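Enquirer: structure, please.
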Amino acid sequence: MGIAERKARDFKRREEEILKATLDLVTRMNWRDVTIDDIAERAEIGKGTFYKHFISKDEACMRIVMGHSAQLLEKLQGVESTGNYEQKVRNVLRVVWAHHKDCSELAPLQDYCNASPEKLQLSEETALAFSRTKEGINQFLFALVNEGIELGIIPGRPVEFPLYAGWALMEGAIRLIRETDLLSGISEEKFLDYLIDFMLKGFMHTHTLPDA
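Expert: Numbering: from 1, shown residues only. Purely as a prediction, here's the structure:
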């Protein structure tokens, strides 16, 4: 291995260590209270070294959120198509549910990064990568709903209506589980089955919609 390759490897390793330190801190305390000094201390580096890799705390946090979003996209693309559209949708919804449950401790940070990414201090490279990942997820979901419309399972309509309505229901249910104890004593698996049935029946029902 040449000197340039070794330096590139060491740079990448140090960057991963900084991201790990950042993740450890933002999941143990209020992410807003985490400082670059905290991250540098946790990663056992100087503050200047942090800035060699990231231009701000925003960027380090966004890289973490992007990593989880990229994992979600990979999981969605890996959903098997059984030839049964309804089962495919059920599988997709279960993947979304499980993914958000698995990274629930990052929810406040994800909300912050997703709300107004244009206001964050990000490098052009990170901002572009975030946009591509987000667009990849959106394209997958739009294609899924369009498939249902083309099959005649979802009544023809602007794709945004069933897509955003379904996403709002799933997001709301995930927050319900995460932030309250309203489902205490209720089987989460049975609730998820009911939620998916509820969403599918909504997708397949003909509604009176405003002109798009």
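Enquirer: buried residues of the lengthiest helix in the chain, list them for me.
Expert: The longest helix of the chain (DSSP state H) is helix 124-150. For helix 124-150, the neighbour count (16 or more other CB atoms under 10 Å) marks 126, 127, 129, 130, 133, 136, 137, 141, 144, 145, 148, 149 as buried. Any C-beta I mention is one placed from the backbone N, CA and C, and that applies to glycine too.
Enquirer: secondary structure class of the residue most central in space within the chain, three-state.
Expert: By CA atoms, centre = their mean, the mean C-alpha position of the chain lies nearest to residue 69, the distance being 3.8 Å. Secondary structure state of residue 69, per DSSP: H, G, I helix; E, B strand; the rest coil, is helix.
Enquirer: so who does the nearest residue to it once chain neighbours are set aside touch?
Expert: In this structure, residue 69 finds its nearest non-sequential neighbour in residue 133, 4.9 Å apart by CB to CB, 6 or more residues apart in numbering. Contacts for residue 133 (CB atoms under 8 Å, 6 or more residues apart in numbering) come out as 66, 69, 70, 73.
Enquirer: how far away is the second one from residue 50?
Expert: Residue 69 sits 23 Å away from residue 50 when distances are taken as CB to CB, to the nearest Å.
Enquirer: the third one too?
Expert: Separation of residue 70 from residue 50 (CB to CB) stands at 23 Å.
Enquirer: kindly report the same for the first one.
Expert: When CB to CB is the yardstick, residue 66 and residue 50 sit 18 Å from each other.
Enquirer: between the two, which is the more surrounded one?
Expert: Higher neighbour count among residue 66 and residue 50: residue 50, with 23 against 17, using other CB atoms under 10 Å.
Enquirer: which of the helices or strands spans the more buried one?
Expert: Secondary structure from DSSP states H and E places residue 50 in helix 47-53.
Enquirer: cool, thanks, signing off.
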